[in-house]
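Q: The following comprises the amino acid sequence and a computationally predicted model.
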Amino acid sequence: MPTPDETATTDPATETTGVTPLVYDAWIAEQPDEVKTMLAGQVTGLKSALDAERKSSKKFEKDLRDAAKLLEDGNQTKAQLTSLADQLAETQREKKFYAAAHDAKTNNLELAFMAAQKDGLVDSDGDCNFDQLKSQYPQLFAPEAKPIPKGNAGTGTGATPPLATGGMNAYIRASTGRPAQ
């Protein structure tokens, strides 16, 4: 049984259940070399596919703008091509913001984008100052994870609960002064 000095120094609210949350980088570091190599290849492939998609979209936007320049001023087709290029650029900007906002642990991506646009925190490429966004709108971001406290009868008292021996009947009899049977 701990002494009163020992129980005063422990804070049961900060004790965890012994299960540590899974962190991707830490998990990867613990894996064998074969698994690390396999995952690195997959990640590299996904990143290259994403980069290729982004380059393709930028090229398509540039081609639309070039085609619009070739047409006469006042031409309806030119206006449509310019409008399509603007829509494509805005879509790419939003996609880039959403990817970064997800990494910044934003709760509501669309609302965060609207707030960042309103305050001028998103540039034309979709890059955002998330530190400033978080300081202005903290409710848009997930709170820091708190450790899960142990849940037992002694948690609220700061003391370790006594070990139960003999069940509830023995505990009640001992409380009333009767001998245990």
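A: Nice, thanks for sending it over. Numbering: from 1, shown residues only.
Q: which residues touch the residue nearest to Lys78 when sequence neighbours are not counted?
A: The shortest distance from Lys78 to any residue other than its chain neighbours is 3.9 Å, reached at Leu71 (Cβ to Cβ, 6 or more residues apart in numbering). Every C-beta, even on glycine, is put in place using the N, C-alpha and C of the backbone. Contacts for Leu71 (Cβ atoms under 8 Å, 6 or more residues apart in numbering) come out as 77-78, 81.
Q: I'd like to know which of those are buried.
A: Among these, the ones that count as buried by 16 or more other Cβ atoms under 10 Å are 78, 81.
Q: Would you mind giving the contacts of Leu71 as JSON lines with secondary structure and pLDDT added?
A: Formatted as JSON lines, these follow (DSSP: H, G, I helix; E, B strand; the rest coil; pLDDT from 0 to 100):
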{"residue": "Thr77", "secondary structure": "helix", "pLDDT": "82"}
{"residue": "Lys78", "secondary structure": "helix", "pLDDT": "79"}
{"residue": "Leu81", "secondary structure": "helix", "pLDDT": "82"}
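Q: Lys55 and Arg173: what is the separation?
A: 79 Å (Cβ to Cβ, to the nearest Å).
Q: swap in Tyr98?
A: 64 Å.
Q: what about Ile172, how many residues close to it?
A: 11 (other Cβ atoms under 10 Å).
Q: what do you get for Gly177?
A: Gly177 has 6 nearby residues by other Cβ under 10 Å.
Q: Quick check on it: phi, psi?
A: phi 90, psi 0 (degrees, to the nearest 10).
Q: Give me the nearest residue to the residue nearest to the spatial centre of the chain, chain neighbours excluded.
A: In the chain, the residue lying closest to the centroid (Cα atoms, centre = their mean) is Lys105, at 3.5 Å. Leaving aside its chain neighbours, Lys105 sits nearest to Ala142 (4.4 Å; criterion: Cβ to Cβ, 6+ apart).
Q: Now do the same contact list for that neighbour.
A: Contacts of Ala142 (Cβ under 8 Å, 6+ apart): 105-107.
Q: tell me which of those residues is nearest to Phe60?
A: Nearest to Phe60, judged by Cβ to Cβ, of those is Thr106 at 28.0 Å.
Q: before we move on, the earlier item: may I have the phi/psi pair for the residue nearest to the centre of the chain?
A: Torsion angles, degrees, to the nearest 10, at Lys105: phi 60, psi 50.
Q: Can you tell me the element Phe97 falls in?
A: helix 76-103 (DSSP states H and E).
Q: after that helix, next one along is what?
A: That would be, after helix 76-103 and using DSSP H and E, helix 109-118.
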